[in-house]
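Asks: give me coordinates for this.
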Amino acid sequence: MGCFVSTPKDSGGNRRRPTNIGDVSVFVPGLRIPKPVNFSDSLGDHLTKSLVERLSALRTRIVVMAGQEGPTITRTRRKTQHGGSTLGDLLQALEDYLPVLLGLVKDGSPLQHKVQFVWINQEDEAEETGMYSAWYEVLSVLHLMATLSLSQANLLLLPRTSIDGYQPKVSEESRRSSVDVFLKAAGYLDCAVRHVHPQLPNELRRNLPVDLAEGVLRALCLQALGQGVDIQLGLAIDSTKATLAVKRRLACEMVKYWQQAQDNMMNLPLANGWGEKHALFVKWKYVESKAGAYYYHGLILDEGNTEKSHGMAVAALQAADEYLKESKKASESFNASVPISRNPPLWGTMKYLSEKIPKDTCSKVRINKDLYTYERIMETAPTLPDFALALKPDEYQLPLVDPSWNDESTKNKTGD
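Replies: Here you go, the predicted model:
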């Protein structure tokens, strides 16, 4: 019942990894890919033939689609022959499968322990992990749904060449749509942590791959929220109605999201390919967010009429400038890690801040900047204000069990 198996990383070649993932606006972990399952062997004596066949067909569709698209789905906008997107079709396949899958755990059914579900990992040292647990399968499905949503957000936020032929940019419509996608991804992950993780026995939880560790799921959820706030800040920057106070609040909230994401990933064994790149992305965005927060905090402090407030403003702007430089180094480290990536042309929040922070810092500082070391600047930087986090995940709930699991479908066939 509690059996699991993890295959060492050097035992086979199932884990296909790209060497280059191209432009990255949103970090997308490598897709975990399900391996085929023979439901007939495990459930043939317990369920009707039609229900077994339905489970098999729904899952096989996911296995085939994820296997085909896994190596490329993080970097393409491919269309299906029917005009839909591969991302959207795979997400729909997962949504179709979930209500039928949940029949295996309905009312604590012993059927949940009959099938061994095996998935190929990406961030874990073990190449694959199999468990006799339908809840493990549910957790894996929600993680994949979140990953696909993050991939959708990445595609929305890659700059496109504009009709007028000027510098590539991301449309306001795409930016607003991405916030909805981020909240949806966060909702899947929040549900996984709060409602699925607790269903797993302690032994299985301890042996989950790091891809599905609670800390990684929480970090991905916070990452989605942090990037959602980043988009909101960019929209505020473009708005003539948004005040400095509003921009500072958003910038400071963003710091908290990324700090909490980093805290959740502390002490996790993320030293393997995608895992290491994931940790580097969170580190980069955390430092980058602090540049924006200190910049807006400095501008508001500079509105004060006292010498002290002016001095604190200078210190905050200098800190922003240092964090901006540090974030560029962190970005380089992230992009250089395998699979290698690159930054798309600057747009939105960081395009604005990359121009404004150095310029405003120079204009505000009346003293010779060379007198200040990095350590001195960070020591004198004022504390950032603490704001409650406003952006929350969508309230995603697991769907109802599919009607095919009614009494007639499984009549006299659910024995242990």
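
Asks: report all helices and strands that the longest helix anywhere in the chain contacts.
Replies: Using DSSP state H, we find that the single longest helix of the chain is helix 307-336. Using 3 or more CB pairs under 8 Å, 6 or more residues apart in numbering; DSSP states H and E as the contact definition, the elements that helix 307-336 packs against are helix 274-301, strand 340-342, helix 348-364, helix 374-380. Every C-beta, even on glycine, is put in place using the N, C-alpha and C of the backbone.

Asks: okay if I get the ones you listed as TSV plus mean neighbour count?
Replies: Listed next are those as TSV, based on neighbours: other CB atoms under 10 Å:
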stretch	mean neighbour count
helix 274-301	24
strand 340-342	16
helix 348-364	17
helix 374-380	13
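
Asks: can you list the ones you listed in a markdown table and add distance to Leu94 and mean pLDDT?
Replies: Written out in a markdown table, the entries for these read as follows (distance: least, CB to CB, whole Å; pLDDT from 0 to 100):
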| stretch | distance to Leu94 | mean pLDDT |
| --- | --- | --- |
| helix 274-301 | 20 | 94 |
| strand 340-342 | 26 | 91 |
| helix 348-364 | 30 | 90 |
| helix 374-380 | 45 | 60 |
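
Asks: name the residues of stretch 182-202 that are buried.
Replies: With burial defined by 16 or more other CB atoms under 10 Å, the residues of stretch 182-202 counted as buried are 182-193, 196-197, 199-200.

Asks: ok, those residues vs Val314, which is closest?
Replies: Phe182 (34.8 Å; CB to CB).

Asks: residue ranges of the strands in the stretch 1-150 of the chain, please?
Replies: 4-7, 20-23, 33-34, 117-120, 128-131 (DSSP state E, counting those that start in this stretch).

Asks: weakest of these by average pLDDT?
Replies: Out of those, strand 4-7 stands lowest, with a mean of 58 (criterion: mean pLDDT).

Asks: looking at the helices and strands packed on helix 307-336, which is closest to Tyr166?
Replies: Using CB to CB, those put helix 348-364 closest to Tyr166, at 13.1 Å.

Asks: surely Ser341 touches Asn20?
Replies: Yes - applying CB atoms under 8 Å as the test, Ser341 and Asn20 come out as touching, 7.2 Å apart.

Asks: what's stretch 226-235 in contact with?
Replies: Under the criterion CB atoms under 8 Å, 6 or more residues apart in numbering, residues 26, 153, 157, 172, 175-176, 178-179, 182-183, 186, 247, 250-251, 253-254, 257-258, 261, 285, 289, 292, 348-349, 352, 391 lie in contact with stretch 226-235.

Asks: could you do stretch 313-331 as well?
Replies: Outside stretch 313-331, the residues touching it (CB under 8 Å, 6+ apart) are 280, 283-284, 287-288, 290-295, 297-299, 301-302, 304, 343, 353-354, 357-358, 360-361, 364-366, 369, 372, 374, 377-378, 380-382.

Asks: same thing with stretch 200-214?
Replies: 2, 4, 6, 29, 32, 119, 121-126, 129, 131, 133, 135-136, 139-140, 143, 192-193, 197, 216, 268-270, 275.

Asks: re earlier: could you dump the strands of the stretch 1-150 of the chain to JSON lines with mean neighbour count and distance to Thr161?
Replies: As requested, these are arranged in JSON lines below (neighbours: other CB atoms under 10 Å; distance: least, CB to CB, whole Å):
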{"stretch": "strand 4-7", "mean neighbour count": "16", "distance to Thr161": "44"}
{"stretch": "strand 20-23", "mean neighbour count": "16", "distance to Thr161": "13"}
{"stretch": "strand 33-34", "mean neighbour count": "24", "distance to Thr161": "33"}
{"stretch": "strand 117-120", "mean neighbour count": "23", "distance to Thr161": "36"}
{"stretch": "strand 128-131", "mean neighbour count": "22", "distance to Thr161": "41"}
